[in-house]
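Q: sharing a sequence plus its predicted fold:
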There are 2 protein chains.
Amino acid sequence: MGLTKTENFTDQQNELATIAKAIGHPARVAILQHLLRVDACICGDLVAEIPLAQPTISRHLQELKAVGIIKGSISGTSVNYCIDATRWREVQNQLNGLFDTYVSDQDCNC
Amino acid sequence: MGLTKTENFTDQQNELATIAKAIGHPARVAILQHLLRVDACICGDLVAEIPLAQPTISRHLQELKAVGIIKGSISGTSVNYCIDATRWREVQNQLNGLFDTYVSDQDCNC
DNA sequence: ATTATTTATCGTAATATTGCAATATACTAA
DNA sequence: TTAGTATATTGCAATATTACGATAAATAAT
């Protein structure tokens, strides 16, 4: 069917999944890493950095924007993209919320 | 095309994406949360907990197992699943490796 | 006005994912 | 051996994702 049954899960579970899914593509990881590395707003030189066609990169950018971890602002004919600081930390906390649930003494002997 | 061009990216980028993708489904988040909550090996009562058909849950379990964050051991006619402690921390570190790259003073005014 | 530049959107093709019913497999119990 | 129980696999059908060429839209430069 290809259709995820989101109604069966909690908002938190769906949100966590949506976030993870957004990061779940190497091109989007590469985009995030580039935005982090240049530590500034960056225009569309992502197309030069990442070996994918311009429309494809544009799509990946939209997907990252959809979950709020990056934002873009128009500057003349180009667009400046950057990490959304607040959302970035929020997302990190939400992921760590899942990972920190694990306590070491619950190691089983499977 | 539907085919991710993994050859264009580094191993690290691909691995990070693969991990995130595995977590990127609410059913798999629910499975992980359940495994964490019961803080022990758990037999396949996941089917009772999560409102999806048994084959569907089995598939999600295989996907989580494929990235190594859970492991299963046969115990008679049932299977015990649990978090793989080492891999769990490894994955958390890898994700935090990405998120910690962000330093607050790089806030741009987009 | 025309042209160039940059980014987004549309249309399309190919592959992937999700989900379930049916079935297979593998062990347990009688 | 036969029946029961638990999990995995197979075989679909439907939807989603990925990617790219073509094109649109919007500004900048001449």
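A: It's in.

Q: which residues of chain A score low on pLDDT?
A: Scanning chain A for pLDDT under 70 picks out A:39-40, A:104-110.

Q: tally up the residues packed near the residue of it found nearest DNA strand C, please.
A: In chain A, the residue found nearest to DNA strand C is residue A:44; the distance is 2.1 Å by CB to the nearest atom of the strand. Yep, even glycine has a C-beta here, placed from its N, CA and C like the rest. Neighbour count for residue A:44, taken as other CB atoms under 10 Å in any protein chain shown: 17.

Q: do I have it right that it meets residue A:78?
A: Yes - under the criterion of CB atoms under 8 Å, residue A:44 makes contact with residue A:78 at 5.8 Å.

Q: show me which residues of chain A sit near DNA strand C.
A: A:1-5, A:43-44, A:47, A:54-55, A:58-59, A:61-62, A:72, A:77-79 (CB under 7 Å from any atom of the strand).

Q: all the helices of chain A, residue numbers only.
A: Along chain A, counting by DSSP state H, helices occupy A:11-23, A:26-37, A:46-49, A:54-66, A:85-99.

Q: nearest to DNA strand D, out of those?
A: helix A:54-66 (3.5 Å).

Q: what's the angle between the closest one and helix A:26-37?
A: Using axes from the mean of the first three to the mean of the last three CA atoms, to 10 degrees, the inter-axis angle of helix A:54-66 relative to helix A:26-37 is 70 degrees.
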